[in-house]
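[1] sequence below, structure please.
(chains A, B and C)
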Amino acid sequence: MIALVDCNNFYASCERVFQPRLEGKPIVILSNNDGCVIARSDEAKALGVKMGAIAFMNREFFEANGVQVFSSNYTLYGSLSNRVMRKLGSFCNNIEYYSIDEAFLDFSTHPYQNLEQVGFDIKSQVVSEIGIPVSVGMGPTKTLAKMANRFAKKTKKQIGVHLLDSADKIAEVLAFTEVADIWGVGPQYAKLLQKNGFHTAADLLNAPEEWVRKNMSVVGQRTFNELKGIRSIAMEESPAAKKNICVARGFGQLINNKAELQGALANYVSIVAEKLRKGMLCTKQLHLFVETNQHRAQDEQYYRSIDVALPVASNDSTELLHYANLGLDRIFRPGINYHKVGCMALDLIPENQIQFSMFDAQNRLRKNTMMKALDNLNIDLGKNSVQFASQGSGKNWHLRQEKCSPCYTTRLQDILTIQI
DNA sequence: TCTGGGGTCCTAGGACCC
DNA sequence: TCTGGGGTCCTAGGACCC
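    Sure thing, here's the model as predicted:
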């Protein structure tokens, strides 16, 4: 059996952990720049607030209905996620950390007698020790475990645990689940399936396998087999090596001058470099892009990107900043209202496998030491304590985050004090 | 004023090789 | 007068996930 444990309305639940007054109230969490809704509590869902709802168009509705609005606070969510995952790890050592709020637990080699009871234990211990409510679905494959989890949330919210341990229970869930709600079936495939008369997961099982293979590629075929109970999507117990790292963000306000654009890009490049060093990786190629805001019909639209090859694979901020600037020179055009800039590191290789160049003029050892010192300072003194001058100080492009909650678990000033 | 930000995998087609 | 077949690598685009 595989279990899928999923935190209920994770971001909204995180906000509640340290603010119990939010219990029972409708909550929404907004995307970067407070743009649109990316998470909702049950109460907000019940009010009809849709995923992706535009914040500024709903402001009055939120006020009128007492909806509590938060900017996203990934520091807080990441920290609470770690706590949840650590707890889940104590139930099962074959665990895949699938996303910030979900994990697969493979119980096939565990000696538990009563898996349903294990599900209840997970649920009650996570909520009592960490404060985050979870649901548990179990089935013979990952896809069926996902489906069982969704079934638990939709049909037996209070219980929150559903186990597919018989053919009848599997059949029930397959008939209950629409094709669009199958893990691995997105909007395009759902449309295709509907058009061909397959409406539920049970219908899909009646499709000829060759048809699935031909129209939905091997990915669809794997899902098809998983629905039949044949394990086709493996557990990934150690995270796969990253193939690229991307940092890109829309600006809090439009930018039309180059210096500010450079400043924003320098910040994102610095984050990319930091992530590379943390993963002990180097990049051989940067991909840079700038773009305008597609939603502003009054602005001239512009999108350009460029790949910049590095002579030697690197994770040195100064070097990456240098090449990023060269790239930006090539794609920058004056007179444009820019909305977003991004930097992607491609061709990642482990930092101990670099192919050095005979003509390399850099003193890489020294640079490495400097970068380590920089990273350590930023750990000790807090994020961004030490920066490069090119990162600028103006920061008009900064994210708009008007309603961010405190970082209760990661920032000393934000720790709650309790009066006794 | 205001519309998210990361990722992965697969396929088809072109360039190139012998 | 004639235009194979098999293979690899790369890229762009499309699908999906949270």
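
[2] is the residue of the stretch 201-350 of chain A found nearest DNA strand C in a helix, a strand, or coil?
    Residue of the stretch 201-350 of chain A nearest DNA strand C, by C-beta to the nearest atom of the strand: A:V219 (6.9 Å). (C-beta placed from N, C-alpha, C; glycine too.) Look at A:V219: counting by DSSP: H, G, I helix; E, B strand; the rest coil, its state is helix.

[3] which residue packs closest to it, ignoring adjacent ones?
    Leaving aside its sequence neighbours, A:V219 sits nearest to A:G184 (C-beta to C-beta, 6 or more residues apart in numbering; 6.6 Å).

[4] what's the strand or helix carrying A:L320 in contact with?
    Element membership of A:L320 [criterion: DSSP states H and E] is helix A:317-331. Here helix A:317-331 makes contact (C-beta atoms under 8 Å, 6 or more residues apart in numbering) with A:258, A:261-262, A:265-266, A:269-270, A:272-274, A:283, A:286, A:288-290, A:304-306, A:308, A:310, A:314, A:341, A:343, A:345, A:362, A:367, A:371, A:374, A:388, A:390.

[5] now restrict these to buried residues only.
    Neighbour counting with 16 or more other C-beta atoms under 10 Å marks A:261-262, A:265-266, A:269-270, A:272-274, A:283, A:286, A:288-290, A:306, A:308, A:310, A:314, A:341, A:343, A:345, A:367, A:371, A:374, A:390 as buried within those.

[6] may I have the phi/psi pair for the residue in the stretch 51-200 of chain A that DNA strand C sits nearest to?
    Going by C-beta to the nearest atom of the strand, DNA strand C is nearest to A:G186 of the stretch 51-200 of chain A, at 2.2 Å. Phi and psi for A:G186, reported as degrees, to the nearest 10, are phi -100, psi -170.

[7] just the one 3 residues further on next, same as before
    Backbone geometry at A:Y189, expressed as degrees, to the nearest 10, gives phi -70, psi -40.

[8] max-length helix in chain A?
    In chain A, with assignment by DSSP state H, the single longest helix is helix A:258-278.

[9] how big is the angle separating the lowest-mean-pLDDT helix or strand in chain A from helix A:317-331?
    When each helix and strand of chain A is scored by mean pLDDT, DSSP states H and E, helix A:364-380 comes last, with a mean of 80. Using axes from the mean of the first three to the mean of the last three C-alpha atoms, to 10 degrees, the direction of helix A:364-380 lies 90 degrees away from that of helix A:317-331.

[10] by contact count, what packs against helix A:364-380?
    If contacts are counted by 3 or more C-beta pairs under 8 Å, 6 or more residues apart in numbering; DSSP states H and E, helix A:364-380 sits against helix A:258-278, helix A:317-331.

[11] how about those helices in TSV, adding distance to A:V127 and mean pLDDT?
    TSV is the format used below for these (distance: least, C-beta to C-beta, whole Å; pLDDT from 0 to 100):
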stretch	distance to A:V127	mean pLDDT
helix A:258-278	31	92
helix A:317-331	42	92
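
[12] so which of those helices is nearest DNA strand B?
    Shortest distance between DNA strand B and these, using C-beta to the nearest atom of the strand, is found for helix A:258-278: 6.5 Å.

[13] after that closest one comes which helix or strand?
    Next along the chain after helix A:258-278, taking DSSP H and E as the criterion, comes strand A:281-292.

[14] just checking that next one against DNA strand C, any contact.
    No: using C-beta under 7 Å from any atom of the strand, strand A:281-292 stays clear of DNA strand C, coming no nearer than 9.0 Å.

[15] mind listing what that strand pairs with, with the direction of each?
    strand A:303-314 (antiparallel), strand A:338-350 (antiparallel) (DSSP bridges).

[16] any idea which of the ones you listed gets closest to A:A248?
    The stretch from the strands paired with strand A:281-292 with the least distance to A:A248 (C-beta to C-beta) is strand A:338-350; that distance is 2.6 Å.

[17] could you pull up the mean pLDDT of the closest one?
    Strand A:338-350 shows a mean pLDDT of 89.

[18] buried sites along it?
    Of all the residues in strand A:338-350, those buried under the rule 16+ other C-beta under 10 Å are A:Y338, A:H339, A:K340, A:V341, A:G342, A:C343, A:M344, A:A345, A:L346, A:D347, A:L348.

[19] what bridges to the first one?
    Read that as A:Y338. Bridge pairing for A:Y338 - DSSP bridges - gives A:I255, A:T292.

[20] so it sits against A:L261, correct?
    Yes: A:Y338 lies in contact with A:L261 (C-beta atoms under 8 Å); the separation is 5.8 Å.

[21] what residues are shared contacts of these two?
    Here A:Y338 and A:L261 have A:I255, A:V290 as joint contacts, going by C-beta under 8 Å, 6+ apart.

[22] buried set for stretch A:370-388?
    Counting neighbours by 16+ other C-beta under 10 Å, stretch A:370-388 gives A:M371, A:L374, A:D375, A:N378, A:Q387 as buried.
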